[in-house]
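1. structure for the following, please:
(one chain, ligands or ions: 2)
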Amino acid sequence: MGLNLTQKILNSHLKSGKVGSGGEIGLKIDQTLTQDATGTMAYLQFEAMGIPKVKTDLSVSYIDHNTLQTGFENADDHAFLQSCASRFGVYFSRPGNGICHQVHLERFGKPGQTLLGSDSHTPTGGGIGMLAMGAGGLDVAVAMGGGEFYINDPKIVKVWLTGKLSPWVSAKDIILEMLRRLSVKGGVGKIFEYAGPGVATLSVPERATITNMGAELGATTSIFPSDEQTRLFLKAQNREQDYIPLQADPDATYDEEIIIDLASLEPLVAKPHMPDNVVAVTELLGTKVQQVAIGSCTNSSYRDLMAVAAILKGKVINPEVSLVIAPGSRQVLTMITNNGALTDLLDAGARILESTCGPCIGMGQSPSSGAVSLRTFNRNFKGRSGTIDAGIYLVSPEIAAASALTGTITDPRTLGAYPEIELPEYYRVDDSMILPPSDSEVEIVRGPNIKPLPVASKLSDTLKLPVVIKLDNNITTDDIMPAGAKILPLRSNIPAMSEYVFNKIDEDFSARAKSLGQSVIIAGHNYGQGSSREHAALVPMYLGIKVVVAKSFARIHKANLINFGILPLTFKREEDYDLITTDSKLIFEDMTQAIFSSEPLPVKIEGTNKTILLQHDFTDRQAKILLAGGLLNFTREANK
Ligand code: MIC
Ligand code: SF4
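-> Residues are numbered from 1 along each chain as shown. Ligands and ions are numbered 1, 2, ... in the order given. Next up is the predicted model:
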């Protein structure tokens with residue numbers, strides 16, 4: 001029987017388990033990437049493992065998130081990361097060189113290889129035929145040390161594309177259509193493999209927009225075949241030697257199938273405050289817009305910015321709109337500089353930002369109070385922009401540019417003929433801002449913002465845990481551990497960060513958790529969706545959270561909880577959620593055995609005659625990690 005593309009890459013990287021078995025599988029990781037907001041922890045963890053040099057084929061450390069330097073903290077972290085990269089055998093992409101996913105696609109991604117990144121949008125690499133996944137920093141540190149990366153054997157979904165996009169409809173609309181159909185939890189435990197005649201009509205940067213935002217489906221990853229488009233892209237990046245053709249066998253089978261006729265799609269918008277809150281642009285026409293932001297790892301490629309420049313050329317944006325543009329990489333920025341498109345953008349009234357994440361992660365450019373902000377980004381969670389009452393709408397570059405001109409949400413199809421964008425035969429290649437590692441001994445630079453790593457304690461047999469907070473469905477890691485210009489600089493200082501846990505939802509959370517000593521979080525479905533930030537597990541661990549009981553979990557966050565010794569348990573009977581109040585205290589018994597058993601776990605609610613039933617699906621490996629009090633303890637013990 002033939003194999004699909006995902007199975008081929010999984011099989012060629014399989015170290016443990018069996019593809020198709022439904023259990024856990026361990027994979028060899030060829031490449032890793034880290035960024036500065038998660039990287040400091042990842043390298044502290046790598047250092048703590050005592051391995052002198054990375055064992056991957058290639059590891060790259062990017063600076064792209066924490067670039068607004070309003071105090072010494074971010075610059076301290078950058079110096080730390082630069083010295084770690086040099087010392088541990090990692091390439092270092094300097095601040096200003098671009099957003100990790102964009103640069104990695106341009107300069108390093110290779111079809112058929114595995115990539116693990118400490119960022120949830122690492123699946124961008126699927127656009128070039130990589131099996132690229134996001135994970136917590138600790139998992140990436142283990143992979144840098146040559147360790148396996150474990151996932152649950154995924155369900156593989158064929159996304160069959162037919163036809164061709166109409167003018168003014170773009171790759172962003174394909175992924176928004178997926179989100180409209182499947183929701184932010186529709187992809188949990190799944191890999192989306194794109195196939196069909198429509199695939200050949202999409203260039204690599206367009207494919208990367210789709211695989212990037214597949215993260216918002218909760219998917220393990222998304223992947224496109226490696227074909228003539230891939231070869232052309234790699235050739236244009238001066239790396240044709242990295243090309244190999246790769247696709248599913250004609251008789252390959254899949255667990256599920258979705259069909260999208262590209263010709264039937266229209267321009268779409270994700271309304272506040274979830275990426276799956278998708279409607280046709282025509283439903284929102286005339287909505288007044290205060291800000292338009294173009295960039296992020298989803299839509300900041302040369303193609304995207306050339307489309308925006310062509311739409312704005314010779315025109316001036318509406319005086320009520322602030323238009324900010326962050327090109328995805330220095331390659332993109334220098335190319336639009338040289339061909340004059342940058343002047344078109346500036347003449348139209350755009351404000352040009354550094355080639356970084358910027359407003360996507362709330363690093364500056366927070367919109368005005370109550371504003372409508374149209375963004376070509378991938379996340380519109382409440383408060384993430386830095387303005388709690390702003391409404392963020394996720395759109396294509398075409399809708400963004402059209403709306404910047406009119407000052408209201410505008411259907412780009414009203415602009416007349418579509419400016420066909422020709423992709424360059426050769427991109428401008430200049431890797432001088434990517435520093436190779438050093439051969440000699442390098443001293444690690446540790447400024448006062450780099451604090452020691454907190455480590456979890458071993459699991460106790462009996463736990464009496466008061467409920468510290470009770471939450472709804474779809475809680476994001478931005479809710480748990482907010483980002484933004486004020487908090488991100490504290491990423492390597494856990495005691496300082498702990499003041500901000502859940503602070504957008506409940507200002508007293510941190511103080512209450514501290515006063516309780518140890519406690520349990522209760523939550524609904526898809527707890528921990530969104531970013532890969534392990535701080536959403538590490539900092540609650542520091543605050544004494546021992547268990548999270550939820551209706552269901554998002555993949556990366558669940559793995560992060562286990563890595564930091566917090567038990568992710570689910571309700572056997574969903575209605576038990578209603579029996580627990582914020583005043584309840586839960587009594588967990590025989591825990592050191594229960595984590596190895598598949599039997600449901602009865603947990604008493606103190607002071608009542610009620611017992612709830614909880615469950616888990618921990619593998620033997622995960623149970624041992626939990627018993628040791630987290631992956632770092634476990635790895636250290638294993639290496640003794
Ligand atoms: C994000 O988009 O939320 C981030 C910032 O890139 C995160 C990583 C982080 O929190 O550092 C992600 O998506 O993983
Ligand atoms: Fe950066 Fe935003 Fe992409 Fe996260 S989603 S990597 S913050 S651009």
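
2. and the residue of the stretch 201-350 of the chain nearest ligand 1?
-> Nearest residue of the stretch 201-350 of the chain to ligand 1 (Cβ to the nearest ligand atom) works out as Ala215 at 7.0 Å. C-beta: built from backbone N, CA, C; applies to glycine.

3. now the nearest residue to that residue once chain neighbours are set aside: which helix or strand?
-> Nearest non-adjacent residue to Ala215, counting by Cβ to Cβ, 6 or more residues apart in numbering: Ser120, 4.8 Å away. Per DSSP states H and E: Ser120 is located in neither a helix nor a strand.

4. quick one: secondary structure of the residue nearest to Gly125 when sequence neighbours are not counted?
-> Distances taken as Cβ to Cβ, 6+ apart place Ala132 nearest to Gly125, at 3.1 Å, with adjacent residues excluded. Three-state call for Ala132 (DSSP: H, G, I helix; E, B strand; the rest coil): strand.

5. Ala132 and Ala554: what is the separation?
-> Distance from Ala132 to Ala554, counting by Cβ to Cβ, to the nearest Å: 18 Å.

6. ditto for Leu346
-> For Leu346 relative to Ala554 (Cβ to Cβ), the value is 40 Å.

7. what do you get for Val468?
-> From Val468 across to Ala554, the span is 20 Å (Cβ to Cβ).

8. quick one: which of those two has more around it?
-> Ala554 (27 against 23; other Cβ atoms under 10 Å).

9. residues contacting that one?
-> Applying Cβ atoms under 8 Å, 6 or more residues apart in numbering to Ala554 gives the contacts 185, 188, 218, 526-530.

10. per-residue confidence at it?
-> Note on Ala554: pLDDT of 97.

11. flag every buried residue along the helix or strand of the chain with the lowest mean pLDDT.
-> The helix or strand of the chain with the poorest confidence is helix 631-638; it has a mean of 84 (mean pLDDT, DSSP states H and E). Residues of helix 631-638 classed as buried: 631-635 (neighbour count, 16 or more other Cβ atoms under 10 Å).

12. now do it: which elements does it pack against?
-> If contacts are counted by 3 or more Cβ pairs under 8 Å, 6 or more residues apart in numbering; DSSP states H and E, helix 631-638 sits against helix 36-49, helix 137-144, helix 555-563, helix 620-628.

13. deepest-packed of those helices, please.
-> Among these, the stretch with the highest mean neighbour count (mean count of other Cβ atoms under 10 Å) is helix 137-144, at a mean of 29.

14. which other helices and strands contact the helix or strand just after it?
-> Counting by DSSP H and E, the next helix or strand C-terminal to helix 137-144 is strand 149-152. The contact analysis (3+ Cβ pairs under 8 Å, 6+ apart) places strand 149-152 against strand 24-27, helix 137-144, helix 555-563.

15. does ligand 1 have contacts with stretch 100-116?
-> No - contact of stretch 100-116 with ligand 1 (Cβ under 6 Å from any ligand atom) is absent, the minimum separation being 8.5 Å.

16. can you pull the contacts of the one residue in the stretch 1-150 of the chain that gets nearest to ligand 2?
-> Relative to ligand 2, the nearest point of the stretch 1-150 of the chain is His121 (4.8 Å; Cβ to the nearest ligand atom). By Cβ under 8 Å, 6+ apart, the residues touching His121 are 101, 134, 212-213, 215, 297-298, 378.

17. how does it look with 7 Å?
-> His121 makes contacts with 101, 134, 212, 215, 297, 378, as judged by Cβ atoms under 7 Å, 6 or more residues apart in numbering.

18. ok, Ser366 next?
-> Neighbours of Ser366 in contact, by Cβ under 7 Å, 6+ apart: 385-387.

19. scan those residues and report the most crowded one.
-> Neighbour counts for those, by other Cβ under 10 Å, peak at Ser385, which reaches 26 neighbours.

20. thought that one was touching Ile392?
-> Yes - with contact defined as Cβ atoms under 7 Å, Ser385 counts as touching Ile392 (5.6 Å).

21. what's the overlap in contacts for these two?
-> Counting by Cβ under 7 Å, 6+ apart, the contacts common to Ser385 and Ile392 are Ser373.

22. now the helices for the stretch 51-200 of the chain?
-> Assigned by DSSP state H, counting those that start in this stretch, the stretch 51-200 of the chain shows helices spanning 72-88, 100-107, 137-144, 171-182.

23. before we move on, back to that, how much space separates the residue of the stretch 201-350 of the chain closest to ligand 1 from Thr476?
-> Look at Ala215 and Thr476: by Cβ to Cβ, they are 12 Å apart.

24. quick one, which of these two is more surrounded?
-> Taking other Cβ under 10 Å, Ala215 and Thr476 do not tie; Ala215 has more neighbours (32 against 25).

25. out of the helices and strands packed on helix 631-638, which is closest to Leu179?
-> When these are compared by Cβ to Cβ, helix 555-563 sits nearest Leu179, at 16.7 Å.

26. what is that closest one packed up against?
-> For helix 555-563, the elements it packs on are helix 137-144, helix 535-542, strand 567-571, helix 620-628, judged by 3 or more Cβ pairs under 7 Å, 6 or more residues apart in numbering; DSSP states H and E.

27. kindly reformat the ones you listed as CSV containing distance to ligand 2.
-> Listed next are the helices and strands packed on helix 555-563 as CSV, based on distance: least, Cβ to the nearest ligand atom, whole Å:
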stretch, distance to ligand 2
helix 137-144, 14
helix 535-542, 14
strand 567-571, 23
helix 620-628, 27
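
28. so which of these is nearest Asn493?
-> Closest among the helices and strands packed on helix 555-563, using Cβ to Cβ: helix 535-542, at 10.4 Å.

29. tell me which other helices or strands that closest one touches.
-> Helix 535-542 sits against helix 494-497, helix 555-563, with contacts defined as 3+ Cβ pairs under 7 Å, 6+ apart.

30. what sits closest to Pro267 if chain neighbours are left out?
-> Leaving aside its chain neighbours, Pro267 sits nearest to Val281 (4.3 Å; criterion: Cβ to Cβ, 6+ apart).

31. for Leu268, that is, sorry about that
-> Excluding the flanking residues, the one nearest Leu268 by Cβ to Cβ, 6+ apart is Leu176, at 4.1 Å.

32. now swap in Leu33 and tell me
-> Here the nearest residue to Leu33 in space, its sequence neighbours aside, is Gly117; by Cβ to Cβ, 6+ apart that works out to 4.1 Å.

33. next: Val204.
-> Phe233 is the one closest to Val204 (Cβ to Cβ, 6+ apart), at 3.8 Å.

34. now that neighbour. Its backbone dihedrals?
-> Main-chain dihedrals, Phe233, degrees, to the nearest 10: phi -60, psi -50.

35. and for Leu268?
-> According to degrees, to the nearest 10, Leu268 has phi -120, psi 160.

36. so how far is stretch 346-357 off the chain centroid?
-> The chain centre lies 24 Å from the centre of stretch 346-357; the measure is Cα atoms, centre = their mean, to the nearest Å.

37. average pLDDT for that stretch?
-> On average, the pLDDT along stretch 346-357 is 98.

38. next one: stretch 185-196
-> 98.

39. who's in contact with it?
-> 4-6, 152, 154-162, 214, 217-225, 248, 525-526, 529, 554-555.

40. ends of it, what's the gap?
-> 25 Å (Cα to Cα, to the nearest Å).

41. report the contact partners of the residue positioned nearest the centre of the chain.
-> Geometric centre of the chain, nearest residue: Ser120, 1.9 Å, by Cα atoms, centre = their mean. Ser120 is in contact with 134, 215, 530-532, 556, counting by Cβ under 7 Å, 6+ apart.

42. dump these into a markdown table; add distance to Leu323 as well.
-> Below are these laid out as a markdown table (distance: Cβ to Cβ, whole Å):
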| residue | distance to Leu323 |
| --- | --- |
| Gly134 | 30 |
| Ala215 | 26 |
| Gly530 | 26 |
| Ser531 | 26 |
| Ser532 | 30 |
| Ile556 | 33 |
